[in-house]
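> Show me how the following folds:
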Amino acid sequence: MRFAPQHCNPCRYMMLRVSIPVHNQPKITLERIIKTACEALNLKREDVLGKVRKTELATARHIIFSLARQHTRLHLVQIGQPFGVDHSSVINGSERCNEKKDIYADYREKYNAVKFALLDDAHREKLLA
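Numbering: from 1, shown residues only. Have a look, this model is predicted:
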């Protein structure tokens, strides 16, 4: 830990808390989230990354946006880049996902299917407890 000189404001030298990953937990990346969502929802990667606005594809994109915002440290622009969308579309999609999963059971099931597929067994047990 870095200590502040006595004449300086110590608040400027405080270290940020960083979450430490659990042992044997593979790092969650945007690519991994996209791959997992495509597998869990039985969709083609090209379709999910494309511009088609079918409900099932938009749902998959929104779930990916929401999970990427929660589990990665990427900027909004970086999350939207593979999809060809800007940061405002990422915000809108993740907010829609969070609203819909609270209202619709089938949407919540899809979201949880992707989320639990991302996490290992130890994390699943912790979330279900």
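> Quick one: low-confidence residue ranges for the protein.
Applying pLDDT under 70 to the chain picks out residues 1-26, 120-129.
> the helices in it, which residues?
30-40, 45-49, 55-71, 76-80, 87-103, 105-118, 121-128 (DSSP state H).
> Any chance of CSV for those helices, columns mean neighbour count?
For every residue, glycine as well, the C-beta is placed using N, CA and C. CSV is the format used below for the helices of the chain (neighbours: other CB atoms under 10 Å):
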stretch, mean neighbour count
helix 30-40, 18
helix 45-49, 15
helix 55-71, 21
helix 76-80, 18
helix 87-103, 16
helix 105-118, 16
helix 121-128, 11
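> close enough to count as contact, Arg61 and Gly93?
Yes - contact criterion CB atoms under 8 Å: Arg61 and Gly93 qualify, at 5.8 Å.
> Grab the nearest non-local neighbour of Ala113.
With CB to CB, 6 or more residues apart in numbering as the criterion, Ala113 has its nearest non-adjacent residue at 4.6 Å, and that residue is Ala40.
> Could you check how far the one you found is from Phe65?
15 Å (CB to CB, to the nearest Å).
> Next: Ile28.
Ile28 sits 14 Å away from Phe65, going by CB to CB.
> OK, contacts around the nearest residue to Ile28 once chain neighbours are set aside?
Nearest residue to Ile28, sequence neighbours excluded (CB to CB, 6+ apart): His71, at 4.4 Å. Taking CB atoms under 8 Å, 6 or more residues apart in numbering as the contact definition, His71 lies against 28, 33, 118.
> One more: Arg61?
Arg61 touches 48, 83, 93, counting by CB under 8 Å, 6+ apart.
> what's the answer for Ala60, then?
Ala60 sits in contact with 37-38, 41, 43, 48, where contact means CB under 8 Å, 6+ apart.
> can you tell me how far it sits from Arg73?
Ala60 is 22 Å from Arg73, by CB to CB.
> now Lys44
From Lys44 to Arg73 the distance is 28 Å (CB to CB).
> go on, Glu31?
14 Å.
> go on, Lys51?
Lys51 is 27 Å from Arg73, by CB to CB.
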